[in-house]
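Participant: Compute the structure for the input listed below.
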Amino acid sequence: MDSLKEKVVLLVDEIKNDIFEVADRIHENPELGNQEFKASKLLKEKIAEYGFSVRDVTGLPTAFIATKKGAKTGPTIALLAEYDALPQLGHACGHNLIAAASFGAAAALGKLGDDLAGEVMLVGSPAEETDGAKVLLVEKGIFSGVDAAMMVHPGNKTTVYSTSLAMEAIEFTYTGKAAHAAAAPHMGINALDAVIMLFNGINALRQQLRSDVRIHGIITEGGKACNIIPDKAVARFYVRAGEKNYMLKVKEKVIACAKGAELATGAKLSYRNFELPFDNLVTNRTMADLFKQNLKEQGYDDISDEEEGIGSTDMGNVSQVVPAIHPHIAIAEPNVAPHSIEFCQAAGSERGKKAALISAKAMAMTAIDLVEKPELLNKAKEEFRKIFFPS
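Facilitator: Here you go, the predicted structure:
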């Protein structure tokens, strides 16, 4: 390990009480997406103590950008913090640890003082579980001057080559006609029948789709009483696939199922996106290899080489505009599922906080690799260019 990386590792240890405080306080005060006022305030105050300039983001009340320039010119490295919780479950996805790790890496890099080159950016990105603020941050051009971006997500296995599914969130609304369900059913138009036909159509569609596709939905409105023909029914679906282009094709097939149900029942159809669409995550392998080596330099060897990711994340949108990584680090055993009470408990455990500390060190070390060795950053950028801008 070179001297600057050794120094930043010591700095992370030096500020570990602040890192653990961030992890604990956010875990103890779970807030839903775009309502993370306590978490956002805590992170802004904490990072400002390390000399970072902090600004809010117009239109995103719980997002923020914190930056600190080094004494020398160099690249801009973004560390992304998530801090939203899940309904009923609290921090059952471990976003309190994501916030703690990214804060810790940014703060330690900022403490390098005259040794710091370039610019460190801590990006407060709320609502990953729902509206996906990173989608809007990308659209607002927040990453236009960024050279590389990273974050670490808790999991039940450690892997650096993460992937995710592209996703669209679609709400289908059918409008029918109410009537007495026993005395005059022939005078009604059953909107709930249309929703049920939509589900059945999608189930029939699955056989003709690739194995990476996931379509899952719920009925959010299906009628008011058993003796009234439902005049309104609403269903929400997530449509996912390993690549954005194929996901969009699947989306059109799902909409075709919805239109078929409209034709069959006579209920009028309308549909809309109820959340922002997520692109699939494209991990930059050059950066992932550096992160993996930096984990190993800390004595962390239990690392899977599998490419995994069945969920979706707005980090996918970031990964398609700048070289990025989104590795996972284990905070629980493989039989503990994310989005469970048990995973929430793991996110508040000593093991979870230790994982955040290790993640902060590995991210800070990877940032130094990219800043101090331009050939590595150029390699990461060339890999990105070949994927998204092939000649």
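
Participant: Now do the same contact list for Cys344.
Facilitator: Taking Cβ atoms under 8 Å, 6 or more residues apart in numbering, we find Cys344 in contact with 89-92. C-beta here means a position set from N, CA and C on the backbone, and glycine is covered the same way.

Participant: would you turn those residues into CSV with distance to Val152, neighbour count and pLDDT?
Facilitator: Listed next are the contacts of Cys344 as CSV, based on distance: Cβ to Cβ, whole Å; neighbours: other Cβ atoms under 10 Å; pLDDT from 0 to 100:
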residue, distance to Val152, neighbour count, pLDDT
Leu89, 21, 15, 96
Gly90, 20, 20, 97
His91, 15, 29, 98
Ala92, 17, 23, 97
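
Participant: Ile325 contacts Phe291, doesn't it?
Facilitator: Yes: with contacts counted by Cβ atoms under 8 Å, Ile325 reaches Phe291, the gap being 5.8 Å.

Participant: More neighbours: which of these two?
Facilitator: Each of Ile325 and Phe291 has its neighbours counted (other Cβ atoms under 10 Å); Ile325 has more, 29 against 25.

Participant: Report the separation between the residue nearest the centre of the chain and Ala127.
Facilitator: Residue closest to the average C-alpha location in the chain (Cα atoms, centre = their mean): Thr313, at 3.3 Å. Distance, Thr313 to Ala127, by Cβ to Cβ, to the nearest Å: 12 Å.

Participant: With Asn190 instead?
Facilitator: For Asn190, the distance to Ala127 - Cβ to Cβ - is 36 Å.

Participant: Please, where are all the helices along the stretch 251-391 of the chain?
Facilitator: Assigned by DSSP state H, counting those that start in this stretch, the stretch 251-391 of the chain shows helices spanning 285-296, 315-319, 341-347, 350-372, 374-388.

Participant: contacts for the second one?
Facilitator: Identification of contacts with helix 315-319 by Cβ under 8 Å, 6+ apart yields 80, 128, 132, 134-135, 137-138, 143, 149, 151, 164, 166, 278-284, 324, 326.

Participant: Mind checking the pLDDT average for it?
Facilitator: For helix 315-319, the mean per-residue pLDDT is 97.

Participant: and this protein, what are its domains?
Facilitator: 3-164+281-388, 166-278 (automatic domain parsing).

Participant: Ends of the longest one, what's the gap?
Facilitator: End-to-end distance of domain 3-164+281-388 (Cα to Cα, to the nearest Å): 35 Å.

Participant: coming back round to it: now do the shared contacts for Ile325 and Phe291.
Facilitator: Common contact partners of Ile325 and Phe291 (Cβ under 8 Å, 6+ apart): 150, 160, 366.

Participant: Name the weakest-confidence residue in the residues you listed, if you would.
Facilitator: Within those, pLDDT is lowest for Val160, at 95.

Participant: Sketch out the low-pLDDT regions of this structure for me.
Facilitator: For the chain, the stretches with pLDDT under 70 are 1, 308-309.

Participant: let's see it at 90
Facilitator: 1-2, 71-72, 113-114, 116, 130-131, 298, 301-302, 304-311, 390-391 (pLDDT under 90).

Participant: any chance you could map the strands in it?
Facilitator: Assigned by DSSP state E, the chain shows strands spanning 53-57, 60-69, 72-81, 117-124, 148-150, 153-155, 166-175, 214-221, 232-241, 268-278, 324-325, 328-330.
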